[in-house]
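Colleague: Sequence plus the predicted model coming up.
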Amino acid sequence: MVQFPAGFRCNYGFAVPVVLVLLLVMPVAAMAADWFDEQAAASAAGAPEIRVSLGQQRAYFYKGDTPVGESRISSGKPGFRTPAGHYRVLAKKVHHRSGQFGSYVDRNSHRVVRADVDRRRDRRPPGTYYRGAKMDYFIRFNDGIGFHASSDVPDYPASHGCVRMPRNMAQKFFQYAPVGTPVVVTN
């Protein structure tokens with residue numbers, strides 16, 4: 001018999017505690033870490049390609065057949081789904097702001113009066129101006145939809161259609177994906 005703190009007793013030896021530990025740790029360990037191999041991105045043969053798995057909430061960067069990077073993402077939430085399909089990088093901009101989603105800000109104090117607004121639906125209150133949401137390292141691939149850096153990248157769909165990425169990963173994808181790079185988005 002094995003004794004554990006707080007009076008917990010296990011008649012099965014270490015098998016039960018190990019199983020419990022594995023059950024608690026496995027979801028964290030099973031999540032792949034973000035990574036990017038800049039040397040492979042610069043030297044591997046073939047053209048770059050970005051593949052997005054909406055089901056896995058992951059983006060993969062390839063150079064030819066060589067995987068050179070992988071990042072967690074947060075795609076479009078219900079009502080704003082990121083569309084699956086085959087696209088190409090249309091444009092890139094280091095410091096971009098959304099023209100549609102952002103905040104209404106007081107003209108005098110410059111404090112946010114109303115956050116998370118949609119300019120098409122939400123009327124601007126008097127005495128305010130619109131400030132678009134920051135979308136640094138923006139890689140446009142489908143009309144107004146693109147990849148961009150965000151400090152809020154949960155492991156589930158949460159954006160207005162864009163593909164959010166951690167800042168360091170957005171920088172790498174931005175650096176190595178020229179305009180014209182194929183982007184494949186799958187469910």
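Modeller: All right, it came through fine.

Colleague: from memory Arg167 sits against Lys134, does it?
Modeller: No - using Cβ atoms under 8 Å, Arg167 is not in contact with Lys134, being 10.6 Å away. Every C-beta, even on glycine, is put in place using the N, C-alpha and C of the backbone.

Colleague: Please enumerate the helices of the chain.
Modeller: 15-30, 38-43, 167-176 (DSSP state H).

Colleague: Return the member of those having the minimum mean pLDDT.
Modeller: When these are compared by mean pLDDT, helix 15-30 comes last with a mean of 41.

Colleague: Pull up the gap between the spatially most central residue of the chain and Tyr129, please.
Modeller: Most central in the chain under Cα atoms, centre = their mean is Ile73, positioned 2.5 Å from the mean C-alpha point. Per Cβ to Cβ, to the nearest Å, Ile73 is found 31 Å from Tyr129.

Colleague: which residues does Phe36 bridge with?
Modeller: Beta bridges link Phe36 to Gly69, judged by DSSP bridges.

Colleague: Enumerate every residue touching it.
Modeller: Phe61, Val68, Gly69, Glu70, Ser71, Met169, Lys172 (Cβ atoms under 8 Å, 6 or more residues apart in numbering).

Colleague: Drop anything exposed from the residues you listed.
Modeller: Phe61, Val68, Gly69, Glu70, Ser71, Met169, Lys172 (16 or more other Cβ atoms under 10 Å).

Colleague: Tell me the confidence at the fourth one?
Modeller: We note a pLDDT of 98 for Glu70 in this prediction.

Colleague: The first one too?
Modeller: Looking at Phe61, its pLDDT stands at 98.

Colleague: Dig out what it forms beta bridges with.
Modeller: Beta-bridge partners of Phe61, as defined by DSSP bridges: Ile50, Gly69.

Colleague: okay but it is in contact with Pro48, surely?
Modeller: Yes - counting by Cβ under 8 Å, Phe61 does reach Pro48; the two are 6.9 Å apart.

Colleague: Output the lowest mean pLDDT helix or strand found in the chain.
Modeller: Least confident helix or strand, the chain: helix 15-30 with a mean of 41, by mean pLDDT, DSSP states H and E.

Colleague: how about low-confidence regions in this protein?
Modeller: 1-32 (pLDDT under 70).

Colleague: Kindly recompute the last result at 90.
Modeller: Along the chain, the model assigns pLDDT under 90 to residues 1-32, 143-144.
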